[in-house]
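Participant: Take this sequence and fold it.
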Amino acid sequence: MKTNHLTIFLFALLVVGPVLLQGKSNKKTTVPERVINVDFNNEQGALNTMFRECVGAGRANEGLRADWQQQLACVKEKCDFKYIRMHGLLTDDMAVYKEDGKGNPVYNYMYIDALYDYLLSIGIKPFVELGFMPSALASGSKTIFWWRGNVTPPKDYNKWGDFIRNLTQHFTERYGEDEVKTWYFEVWNEPNLDGFWAGTQEEYFKLYEYTVKAIKSVNSDYKVGGPGTAGAAWESEMIEFCLKNNIPIDFISTHSYGVNQGFLDEFGKGGTVLSKDPMSVSGDVLQSRKEIATSAKPNLELHYTEWSSSYTPSDPIHDSYHEAAYILEKIKQIGTAANSMSYWVFTDIFEEAGPRFEPFHGGFGLLNMEGIAKPAFFAYNYMNKLGNTELLNTDSRSWACKDANGDIQVLLWDFTYTLPDSVNNQDYYIKDLPSKSKGKAKVNLSNIPAGKYALEVYKVGYRVNDAYTGYIDMGKPNQLSQQQVAELKRLNDGSPVLTEMIDVDADGSFSREFDIRENDVVMLNLVKR
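Facilitator: You can find the predicted model right below:
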């Protein structure tokens with residue numbers, strides 16, 4: 001058969017052409033290398049440590065449990081939170097208030113004393129949330145949660161004021177006024193939600209007025225504030241009310257969560273969706289600071305007394321490795337706008353929806369019920385490892401610091417939003433979610449004092465300090481055996497993934513390159529020897 005040049009061309013186009021086109025369409029996009037340049041002598045200033053000022057807990061009565069106290073001691077040691085805030089200090093399971101047959105108040109602070117004595121013994125101060133209403137003092141029977149916190153206004157505001165005054169005097173006598181001056185007193189929790197406050201905004205302001213006057217009558221230097229709202233609400237109104245009525249206020253408190261819809265979902269049935277807004281949570285904080293700064297009280301402290309990626313204790317994002325990067329992303333974005341950001345909460349020993357039956361159920365905690373560290377725990381643990389002097393650094397997803405010993409720390413992360421459209425958190429983050437490459441990150445340090453250093457590299461990410469994925473590997477048992485708990489703790493203990501000795505020459509330079517995947521967190525620690 002005679003073959004001409006046209007036939008050969010057509011054959012080549014049909015056979016080779018698609019291969020060439022396929023090669024062109026599959027050409028890999030080059031990911032620019034991320035470079036972090038840090039000069040040991042170029043100081044930003046003191047590191048802002050608002051991230052460890054406060055952490056949350058479910059309710060006061062849970063704080064009387066041995067396992068809760070053991071976990072808090074661990075979190076205090078590894079993350080060094082200064083304050084703790086919790087619901088339910090005044091509810092019936094704390095046995096603080098009843099009335100005799102003649103309607104006279106009977107106060108009892110035995111359980112509060114046991115709890116607060118323990119907190120102070122391990123170096124944690126109470127961020128006192130005053131709520132909910134003792135049933136003997138309540139105007140109604142409406143409650144919230146499995147443990148039935150009464151959310152109605154007092155039947156007698158004078159009796160409420162007398163009660164708060166007596167409690168404050170008790171704190172003063174037991175712990176001393178110098179100690180109590182360092183505490184914060186927050187009036188109620190999320191009164192802008194019907195589930196948490198059966199009254200109006202006007203009635204909440206009345207509650208605040210009686211409360212702050214009672215506390216200040218004991219000592220005018222005690223710090224009182226609110227409104228502790230959901231979704232950064234009522235801030236300007238709160239300041240305006242206090243100004244108009246000449247009522248003291250020392251701080252604004254409110255809450256924010258990083259999902260698109262709703263405020264309250266104890267059982268996670270609503271289907272939460274992590275917000276695509278890159279400034280979710282942090283945008284609320286910056287706006288709150290702006291509202292305060294432009295008010296007639298521009299120097300008020302701002303405390304976000306609850307925050308997390310999601311407001312429901314049944315959201316698997318809380319257990320996921322994605323949460324560690326999310327926490328760091330938001331804390332970095334917030335900068336100095338808030339005086340504290342209280343992560344909700346430190347432990348899955350948390351019973352708003354009742355006792356839980358699964359080891360990993362999407363609970364809020366940094367630790368699960370058995371004390372297994374989640375990735376979120378290591379975000380706080382790593383921030384706590386940072387030295388007290390921040391170094392100048394133009395990379396928006398890292399901190400570089402040094403301490404008085406000459407040790408150097410660099411904490412860096414990737415944050416990538418991976419939730420598919422039209423899929424909720426409860427259906428997505430419950431899966432085994434391998435992470436994709438995000439290229440390389442190179443850390444260049446200069447002007448380091450010459451000498452020997454121990455290099456420690458820590459990491460959190462997919463299958464690295466990722467207890468939930470390890471739980472999936474075990475077949476997601478309904479309950480963990482002691483051996484399984486021990487194994488998950490061993491595999492997720494936060495030990496360095498790399499340690500080596502290095503010599504820094506007289507030129508004072510050090511460089512190291514890392515492969516980075518989606519939502520990886522990496523920490524370098526150079527320890528002077």
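
Participant: Distance check, Tyr462 against Pro375.
Facilitator: For Tyr462, the distance to Pro375 equals 10 Å [CB to CB, to the nearest Å]. Just so you know, the C-beta spots here come from the backbone N, C-alpha and C atoms, and that holds for glycine as well.

Participant: for Tyr471, same thing?
Facilitator: From Tyr471 across to Pro375, the span is 12 Å (CB to CB).

Participant: Just want to know which of the two has more residues nearby.
Facilitator: When neighbours are counted by other CB atoms under 10 Å, Tyr471 and Pro375 differ, and Pro375 comes out ahead with 29 against 20.

Participant: pLDDT weak spots in the stretch 401-529 of the chain?
Facilitator: In the predicted model of the stretch 401-529 of the chain, no residue satisfies pLDDT under 70.

Participant: those helices in it, which residues are they?
Facilitator: For the stretch 401-529 of the chain, the helices identified by DSSP state H, counting those that start in this stretch occupy 425-428, 467-473, 482-491, in order along the chain.

Participant: Those helices: which one's closest to Asp117?
Facilitator: Proximity to Asp117, assessed across the helices of the stretch 401-529 of the chain by CB to CB, is greatest for helix 482-491 (28.8 Å).

Participant: which parts of that closest one are buried?
Facilitator: 484-485, 488, 491 (16 or more other CB atoms under 10 Å).

Participant: nearest to Tyr429, of these?
Facilitator: Proximity to Tyr429 was ranked across the buried residues of helix 482-491 by CB to CB; first place goes to Leu488, at 18.0 Å.

Participant: Identify the residues contacting that closest one.
Facilitator: For Leu488, the contacting residues are 372, 467, 470-471, 474, 480, taking CB atoms under 8 Å, 6 or more residues apart in numbering as the criterion.

Participant: what's the distance between it and Asp466?
Facilitator: Taken as CB to CB, the span from Leu488 to Asp466 is 10 Å.

Participant: quick one: the helices in the chain?
Facilitator: Counting by DSSP state H, residue ranges of the helices within the chain are 5-25, 66-79, 110-121, 157-175, 177-180, 201-218, 235-244, 282-293, 322-334, 375-385, 425-428, 467-473, 482-491.

Participant: Can you say which of the ones you listed is nearest to Leu498?
Facilitator: When these are ranked by proximity to Leu498, the top entry is helix 375-385, at 14.8 Å, counting by CB to CB.

Participant: starting at the chain centroid, how far to that closest one?
Facilitator: 10 Å (CA atoms, centre = their mean, to the nearest Å).

Participant: Check stretch 360-378 too.
Facilitator: Between the centre of stretch 360-378 and the centre of its chain there are 12 Å (CA atoms, centre = their mean).

Participant: quick one: buried residues of it?
Facilitator: For stretch 360-378, the buried set under the neighbour-count rule, 16+ other CB under 10 Å, comprises 360-378.

Participant: next one: stretch 148-163
Facilitator: For stretch 148-163, burial by neighbour count (16+ other CB under 10 Å) applies to 148-154, 157, 159-161, 163.

Participant: any idea which of the residues you listed is closest to Ala404?
Facilitator: The shortest approach to Ala404 among these belongs to Gly149, at 45.4 Å (CB to CB).

Participant: List the contacts of the closest one.
Facilitator: For Gly149, the contacting residues are 59, 87-88, 91, 131-132, 143, taking CB under 8 Å, 6+ apart as the criterion.

Participant: how about a cut-off of 6 Å?
Facilitator: 88, 91, 132, 143 (CB atoms under 6 Å, 6 or more residues apart in numbering).

Participant: Could you list which of those belong to strands?
Facilitator: Secondary structure from DSSP state E places Thr143 of the contacts of Gly149 in strands.

Participant: show me what contacts the nearest residue to Met369 once chain neighbours are set aside?
Facilitator: In space, not counting the residues next to it along the chain, Met369 is nearest to Asp348; the distance is 4.7 Å by CB to CB, 6 or more residues apart in numbering. Listed by CB under 6 Å, 6+ apart, the contact set of Asp348 reads 363, 365, 368-369.

Participant: which residues does Leu526 bridge with?
Facilitator: With beta bridges defined as DSSP bridges, Leu526 has these partners: Ile408, Leu455.

Participant: for Ser308, same thing?
Facilitator: Under the criterion used here (DSSP bridges), Ser308 is bridged to Tyr257.

Participant: Could you report the neighbour count for it?
Facilitator: As a burial measure, the neighbour count of Ser308 was computed by other CB under 10 Å and equals 28.

Participant: Just confirm it contacts Ser342, I think it does.
Facilitator: No. Under the criterion of CB atoms under 6 Å, Ser308 makes no contact with Ser342, lying 9.7 Å away.

Participant: ok, now which ones touch Thr91?
Facilitator: Contacts were defined as CB under 6 Å, 6+ apart; by that measure Thr91 touches 132, 149.

Participant: what pLDDT does it get?
Facilitator: What the model reports for Thr91 is a pLDDT of 97.

Participant: That one and Ile448, how far apart?
Facilitator: Thr91 is 54 Å from Ile448, by CB to CB.

Participant: swap in His361?
Facilitator: 45 Å.

Participant: same thing with Ala60?
Facilitator: Applying CB to CB, the value for Ala60 to Ile448 is 48 Å.

Participant: Then Gly406?
Facilitator: With distances taken as CB to CB, Gly406 is found 8 Å from Ile448.

Participant: Kindly report the same for Arg59.
Facilitator: Taking CB to CB as the measure, Arg59 falls 48 Å from Ile448.
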